[in-house]
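> build me a structure from this.
(chains A and B)
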Amino acid sequence: AQTVTQSQPEMSVQEAETVTLSCTYDTSESDYYLFWYKQPPSRQMILVIRQEAYKQQNATENRFSVNFQKAAKSFSLKISDSQLGDAAMYFCAFEGSQGAQKLVFGQGTRLTINP
Amino acid sequence: NAGVTQTPKFRVLKTGQSMTLLCAQDMNHEYMYWYRQDPGMGLRLIHYSVGEGTTAKGEVPDGYNVSRLKKQNFLLGLESAAPSQTSVYFCASSYFNPLGANAFFGQGTRLTVV
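Residues are numbered from 1 along each chain as shown, chains lettered A, B, ... in the order given. Sure, this is the predicted structure:
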(Lines give C-alpha, C1' and ligand atoms only; values in the text may rest on other atoms or scores of the structure.)
Protein backbone atom coordinates (compact mmCIF):
# COMPACT_ATOMS: atom_id res chain seq x y z
CA ALA A 1 0.00 0.00 0.00
CA GLN A 2 1.13 3.51 -0.70
CA THR A 3 2.05 5.80 2.17
CA VAL A 4 2.68 9.54 2.29
CA THR A 5 4.67 11.16 5.07
CA GLN A 6 4.88 14.82 6.00
CA SER A 7 7.43 15.10 8.78
CA GLN A 8 6.80 18.77 9.63
CA PRO A 9 3.59 19.18 11.66
CA GLU A 10 4.09 22.95 11.80
CA MET A 11 6.14 25.51 9.92
CA SER A 12 6.36 29.27 10.11
CA VAL A 13 7.84 31.89 7.82
CA GLN A 14 8.14 35.64 7.66
CA GLU A 15 5.96 37.41 5.16
CA ALA A 16 7.75 37.79 1.78
CA GLU A 17 10.23 35.02 2.61
CA THR A 18 10.47 31.54 1.08
CA VAL A 19 9.44 28.32 2.80
CA THR A 20 9.72 24.67 1.79
CA LEU A 21 7.34 21.96 2.97
CA SER A 22 8.57 18.37 2.83
CA CYS A 23 6.81 15.24 1.66
CA THR A 24 8.02 11.70 1.08
CA TYR A 25 6.05 8.76 -0.24
CA ASP A 26 6.38 5.06 -0.75
CA THR A 27 5.10 3.15 -3.75
CA SER A 28 6.05 0.30 -6.05
CA GLU A 29 4.33 1.91 -9.03
CA SER A 30 6.32 3.74 -11.68
CA ASP A 31 3.48 5.88 -13.00
CA TYR A 32 1.53 8.05 -10.57
CA TYR A 33 0.49 11.56 -9.66
CA LEU A 34 1.43 13.80 -6.76
CA PHE A 35 -0.46 16.80 -5.44
CA TRP A 36 -0.29 19.56 -2.88
CA TYR A 37 -3.55 20.80 -1.39
CA LYS A 38 -4.18 23.86 0.73
CA GLN A 39 -6.85 23.84 3.44
CA PRO A 40 -7.61 27.25 4.98
CA PRO A 41 -9.74 27.58 8.15
CA SER A 42 -12.86 27.39 5.98
CA ARG A 43 -11.98 23.68 5.50
CA GLN A 44 -12.17 24.04 1.73
CA MET A 45 -9.72 21.75 -0.09
CA ILE A 46 -7.86 23.74 -2.74
CA LEU A 47 -5.53 22.12 -5.27
CA VAL A 48 -2.25 24.05 -5.31
CA ILE A 49 -0.10 22.09 -7.73
CA ARG A 50 0.20 18.70 -9.41
CA GLN A 51 3.07 16.62 -10.75
CA GLU A 52 2.95 13.63 -13.07
CA ALA A 53 5.67 11.10 -12.26
CA TYR A 54 6.63 10.62 -15.91
CA LYS A 55 7.49 14.31 -16.24
CA GLN A 56 11.05 15.17 -15.28
CA GLN A 57 10.38 18.89 -15.19
CA ASN A 58 9.24 20.24 -11.83
CA ALA A 59 5.78 21.80 -11.82
CA THR A 60 5.37 25.52 -11.17
CA GLU A 61 2.27 27.60 -10.48
CA ASN A 62 3.06 31.25 -9.91
CA ARG A 63 4.72 31.48 -6.46
CA PHE A 64 4.39 27.73 -5.87
CA SER A 65 6.87 25.20 -7.19
CA VAL A 66 7.84 21.64 -6.39
CA ASN A 67 11.08 19.71 -6.15
CA PHE A 68 10.23 16.23 -7.40
CA GLN A 69 12.91 13.62 -6.79
CA LYS A 70 11.50 10.37 -8.15
CA ALA A 71 14.39 8.12 -7.13
CA ALA A 72 14.32 9.49 -3.60
CA LYS A 73 10.49 9.46 -3.55
CA SER A 74 10.46 13.04 -2.39
CA PHE A 75 8.02 15.81 -3.35
CA SER A 76 8.58 19.13 -1.59
CA LEU A 77 6.60 22.35 -2.04
CA LYS A 78 8.33 25.72 -2.18
CA ILE A 79 6.32 28.87 -1.57
CA SER A 80 8.11 32.03 -2.63
CA ASP A 81 7.27 35.56 -1.48
CA SER A 82 5.00 34.21 1.25
CA GLN A 83 1.76 36.11 1.79
CA LEU A 84 -0.59 36.24 4.76
CA GLY A 85 -3.19 34.43 2.67
CA ASP A 86 -0.89 31.43 2.36
CA ALA A 87 -1.49 30.56 6.00
CA ALA A 88 -3.26 27.21 6.01
CA MET A 89 -2.89 23.48 6.43
CA TYR A 90 -1.05 21.92 3.49
CA PHE A 91 -1.50 18.30 2.48
CA CYS A 92 0.65 16.23 0.16
CA ALA A 93 -1.28 13.53 -1.71
CA PHE A 94 -0.46 10.52 -3.90
CA GLU A 95 -2.59 8.88 -6.57
CA GLY A 96 -1.53 5.72 -8.34
CA SER A 97 -2.38 4.96 -11.93
CA GLN A 98 -3.36 1.35 -11.31
CA GLY A 99 -6.75 0.22 -10.04
CA ALA A 100 -9.48 2.50 -8.79
CA GLN A 101 -8.89 6.22 -8.40
CA LYS A 102 -7.88 6.86 -4.80
CA LEU A 103 -6.00 9.66 -3.09
CA VAL A 104 -3.64 8.93 -0.21
CA PHE A 105 -2.91 11.95 1.96
CA GLY A 106 -0.05 12.86 4.24
CA GLN A 107 -0.54 14.03 7.80
CA GLY A 108 -0.49 17.70 6.90
CA THR A 109 1.72 20.70 7.73
CA ARG A 110 0.26 23.78 9.37
CA LEU A 111 1.90 26.88 7.86
CA THR A 112 1.91 30.16 9.77
CA ILE A 113 2.90 33.42 8.12
CA ASN A 114 4.43 36.02 10.43
CA PRO A 115 3.85 39.65 9.40
CA ASN B 1 -25.03 25.74 -8.08
CA ALA B 2 -22.73 22.94 -9.18
CA GLY B 3 -20.72 21.30 -6.49
CA VAL B 4 -20.68 18.83 -3.64
CA THR B 5 -23.04 19.42 -0.75
CA GLN B 6 -22.73 17.67 2.60
CA THR B 7 -25.56 17.48 5.08
CA PRO B 8 -25.42 18.22 8.00
CA LYS B 9 -22.52 20.64 8.57
CA PHE B 10 -22.31 19.91 12.31
CA ARG B 11 -23.69 17.21 14.57
CA VAL B 12 -23.29 16.03 18.14
CA LEU B 13 -24.18 12.41 18.86
CA LYS B 14 -24.32 10.38 22.01
CA THR B 15 -22.41 7.11 22.12
CA GLY B 16 -24.50 4.35 20.59
CA GLN B 17 -26.72 6.62 18.50
CA SER B 18 -26.93 6.22 14.75
CA MET B 19 -26.89 8.77 11.98
CA THR B 20 -26.48 9.18 8.24
CA LEU B 21 -24.36 11.75 6.47
CA LEU B 22 -25.51 12.74 3.00
CA CYS B 23 -23.26 13.74 0.15
CA ALA B 24 -24.96 15.10 -2.96
CA GLN B 25 -23.38 16.15 -6.24
CA ASP B 26 -25.08 17.58 -9.30
CA MET B 27 -22.23 17.13 -11.78
CA ASN B 28 -23.06 13.59 -12.93
CA HIS B 29 -19.80 12.29 -11.47
CA GLU B 30 -19.18 8.55 -11.41
CA TYR B 31 -16.73 8.47 -8.53
CA MET B 32 -17.57 9.46 -4.97
CA TYR B 33 -15.57 9.18 -1.75
CA TRP B 34 -15.86 9.57 1.99
CA TYR B 35 -12.80 10.67 3.99
CA ARG B 36 -12.30 11.46 7.64
CA GLN B 37 -9.82 14.07 8.84
CA ASP B 38 -8.19 13.84 12.24
CA PRO B 39 -5.43 16.02 13.69
CA GLY B 40 -2.00 14.69 12.81
CA MET B 41 -3.41 12.00 10.52
CA GLY B 42 -4.48 13.84 7.41
CA LEU B 43 -7.44 12.59 5.41
CA ARG B 44 -8.09 8.87 5.41
CA LEU B 45 -10.39 7.09 2.99
CA ILE B 46 -13.38 5.36 4.58
CA HIS B 47 -15.37 4.05 1.61
CA TYR B 48 -15.71 4.92 -2.03
CA SER B 49 -17.90 4.25 -5.04
CA VAL B 50 -17.01 3.99 -8.72
CA GLY B 51 -20.59 4.15 -9.92
CA GLU B 52 -24.25 3.88 -9.01
CA GLY B 53 -24.94 0.74 -7.01
CA THR B 54 -21.27 0.05 -6.25
CA THR B 55 -19.26 0.59 -3.06
CA ALA B 56 -15.85 -0.46 -1.83
CA LYS B 57 -13.85 -0.27 1.39
CA GLY B 58 -11.10 2.22 1.90
CA GLU B 59 -8.40 2.45 4.52
CA VAL B 60 -10.59 2.82 7.64
CA PRO B 61 -14.03 1.27 6.94
CA ASP B 62 -14.80 -0.29 10.33
CA GLY B 63 -17.87 1.15 12.03
CA TYR B 64 -19.23 2.72 8.84
CA ASN B 65 -21.57 1.63 6.06
CA VAL B 66 -22.32 3.32 2.77
CA SER B 67 -24.85 3.22 -0.02
CA ARG B 68 -24.98 4.64 -3.54
CA LEU B 69 -28.54 3.94 -4.67
CA LYS B 70 -28.63 7.05 -6.85
CA LYS B 71 -25.70 8.33 -8.85
CA GLN B 72 -25.88 11.78 -7.33
CA ASN B 73 -25.97 10.68 -3.68
CA PHE B 74 -23.46 8.86 -1.48
CA LEU B 75 -24.60 8.12 2.06
CA LEU B 76 -22.33 7.37 5.00
CA GLY B 77 -23.93 5.64 7.97
CA LEU B 78 -22.81 5.18 11.55
CA GLU B 79 -24.90 2.42 13.12
CA SER B 80 -23.62 2.79 16.69
CA ALA B 81 -21.49 5.89 17.12
CA ALA B 82 -18.33 5.74 19.23
CA PRO B 83 -16.15 8.58 20.58
CA SER B 84 -13.37 7.38 18.21
CA GLN B 85 -15.59 8.47 15.32
CA THR B 86 -15.37 12.09 16.40
CA SER B 87 -13.87 13.69 13.32
CA VAL B 88 -14.42 15.96 10.35
CA TYR B 89 -15.88 14.05 7.42
CA PHE B 90 -15.31 15.04 3.82
CA CYS B 91 -17.06 13.87 0.72
CA ALA B 92 -15.48 14.18 -2.72
CA SER B 93 -16.56 13.40 -6.25
CA SER B 94 -14.78 13.15 -9.58
CA TYR B 95 -15.46 12.33 -13.19
CA PHE B 96 -12.05 11.94 -14.74
CA ASN B 97 -8.52 10.79 -14.12
CA PRO B 98 -6.56 11.74 -12.19
CA LEU B 99 -8.81 12.10 -9.17
CA GLY B 100 -6.50 14.52 -7.44
CA ALA B 101 -6.69 17.08 -10.22
CA ASN B 102 -10.41 16.76 -10.88
CA ALA B 103 -11.99 16.19 -7.48
CA PHE B 104 -14.63 18.41 -5.98
CA PHE B 105 -14.70 18.37 -2.18
CA GLY B 106 -17.57 19.17 0.10
CA GLN B 107 -17.20 21.64 2.96
CA GLY B 108 -17.00 18.94 5.57
CA THR B 109 -19.16 17.71 8.45
CA ARG B 110 -17.88 18.11 11.98
CA LEU B 111 -19.15 15.21 14.05
CA THR B 112 -18.67 14.96 17.79
CA VAL B 113 -19.57 11.77 19.66
CA VAL B 114 -19.91 12.21 23.41
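> please make it C-alpha for all contacts and neighbour counts, starting now.
Will do.
> can you find the helix or strand in chain B with the smallest mean pLDDT?
Within chain B, no helix or strand scores below helix B:99-102, which has a mean of 87 by mean pLDDT, DSSP states H and E.
> contact partners for the most centrally placed residue in chain A?
In chain A, the centroid-proximal residue (CA atoms, centre = their mean) is A:W36; its distance is 3.2 Å. Contact analysis of A:W36 by CA atoms under 8 Å, 6 or more residues apart in numbering or on different chains lists A:47-50, A:77, A:90-93.
> and for A:R63?
A:R63 touches A:79-81, counting by CA under 8 Å, 6+ apart.
> out of the residues you listed, which is most surrounded?
A:I79 (21 neighbours; other CA atoms under 10 Å in any protein chain shown).
> where's that residue relative to chain B, distance?
Distance of A:I79 to chain B, computed by CA to the nearest CA, to the nearest Å: 20 Å.
> thought that residue was touching A:A16?
No - if you go by CA atoms under 8 Å, A:I79 and A:A16 don't touch, sitting 9.6 Å apart.
> between those two, which contacts overlap?
With CA under 8 Å, 6+ apart as the test, A:I79 and A:A16 reach no residue in common.
> so in terms of bridging, what pairs with the residue in chain B positioned nearest to chain A?
Closest residue of chain B to chain A, CA to the nearest CA: B:G42 (4.0 Å). Beta-bridge pairing for B:G42 (DSSP bridges): B:D38.
> show me what contacts the residue positioned nearest the centre of chain B?
With distances taken as CA atoms, centre = their mean, the residue of chain B nearest its centroid is B:W34 (2.8 Å). By CA under 8 Å, 6+ apart, the contact set of B:W34 is B:45-48, B:76, B:89-92.
> in the helix or strand where it lies, which residues are buried?
Secondary structure from DSSP states H and E places B:W34 in strand B:31-38. Residues of strand B:31-38 classed as buried by neighbour count (16 or more other CA atoms under 10 Å in any protein chain shown): B:31-37.
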